[in-house]
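1. Fold the following for me, if possible:
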Amino acid sequence: MALRLIHTADWHLGQTFFGYDREAEHEAFLGFLTNLLVERQTDVLLIAGDVFDVTNPSAGAQRRFYRFLREANRLNPGLQIVIIAGNHDSAIRLEAPNPLLEELNTSIVGIVGRTDSGEIDLGSLVVPLRNRAGEREALCLAVPFLRQGDYPAASEGEPDSYVAGIGRMYRRLYAYADAQRNPGEAIVALGHLHATGAELSEDDRSERAIMGGLESVSADTFDAGIAYTALGHIHKAQRIGGREAVRYAG
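-> Modelled structure (predicted):
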C-alpha cells in the first residue's frame, strides 16, 4: 500500500500585514486543507514549521490551530499529523499539548531532546508513519528548526560551522532510522531551514536572506535513501538542488 502524504508549512497563523488582519485568509486556507485531506484520503499530513507567526501567538490564533487539528481528525479517521517547530514558533509552547494531542494521532517535535547523559535523544526525533489502516509504512526524521547547540558537536578535525552541524544531525538521524526500519519501509524527512539555491518569494519580508550563504544547507545534506524531504522556511513552492523529492511546500 502506498502512503499518501500532504506536505505543508509556514502558516504563520496570527500574522498581520501593516495592520491588516489575515484571519479570514487563514480560516479559508484551513477549511480548504481540511477538505483536501478528505478528498485525497490522506494518510499523513506533514507540517514543516512556522505554524504561528510569533512565539506568543494570540488566543484566537491558537484556537484556530487546535480547532483545525480536531476537525481534521474528526473528518479523517486514521489521519496522522506530524508537526515540527519553525524559527517563528515557541518550541516549548508548541510541544506542551502533546499528551492531549496524542489522542488526535498528532505528534509535535519542537525541541531536540537529550538523554540523561546529555546525548541527543535520536529516538525522540523519529516518528513512525502509518497508513489509515494503522500499518507502519515509514519512519519520519522530524527535525525542528535547529539553533546552535541543538546539533551534534564536531569531532576533532571536523568543521564546526552551523551548516556542518545540521549535516551531522541528519546523517546520524538517518543512520539511526535506517537501522530501525523494517524491510520495505521508507524514510521521510522534515526540516525547517534555508537550503542552498532556494528562491525567495517576491516582496516577502518575513523570509530572511542569509548574506554569503553562511546558513544555507545543501540538498546533499539529505541522504539519497530518503524517499521525500519536506521543508519549511522559504515561502515559494520549489524543488531544491534539482532533486524532485526535496521540496518546499510554499
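2. Beyond whichever helix in the chain runs longest, next helix or strand please.
-> Secondary structure assigned by DSSP state H gives helix 162-180 as the longest helix of the chain. Downstream of helix 162-180, the next assigned helix or strand under DSSP states H and E is strand 186-192.
3. So which elements touch the helix or strand containing Ser107?
-> Element membership for Ser107 (DSSP H and E) is strand 106-109. Under the contact criterion of 3 or more C-beta pairs under 8 Å, 6 or more residues apart in numbering; DSSP states H and E, strand 106-109 touches strand 80-84, helix 91-95, helix 98-101. Glycine gets a C-beta too; all of them are placed from N, C-alpha and C.
4. And the residue positioned nearest the centre of the chain, what's its pLDDT?
-> Centroid-nearest residue in the chain, with C-alpha atoms, centre = their mean: Ala48, separated by 2.5 Å. Predicted confidence (pLDDT) for Ala48: 98.
5. That one and Thr42, how far apart?
-> Going from Ala48 to Thr42 by C-beta to C-beta, to the nearest Å gives 15 Å.
6. strands paired with the helix or strand of the chain with the lowest mean pLDDT, and their directions?
-> The helix or strand of the chain with the poorest confidence is strand 16-17; it has a mean of 84 (mean pLDDT, DSSP states H and E). Neighbouring strands of strand 16-17 in its sheet, by DSSP bridges, are strand 20-21 (antiparallel).
7. And the next helix or strand past the partner strand?
-> Assigned by DSSP H and E, the successor of strand 20-21 is helix 23-39.
8. relative to strand 80-84, how tilted is that following helix?
-> For helix 23-39 against strand 80-84, the angle by axes from the mean of the first three to the mean of the last three C-alpha atoms, to 10 degrees is 140 degrees.
9. what does whichever helix or strand comes after helix 23-39 rub up against?
-> Downstream of helix 23-39, the next assigned helix or strand under DSSP H and E is strand 44-48. Identification of contacts with strand 44-48 by C-beta atoms under 8 Å, 6 or more residues apart in numbering yields 3-11, 37, 72, 79-84, 86, 129-130, 140, 188, 190-192, 230-233, 249.
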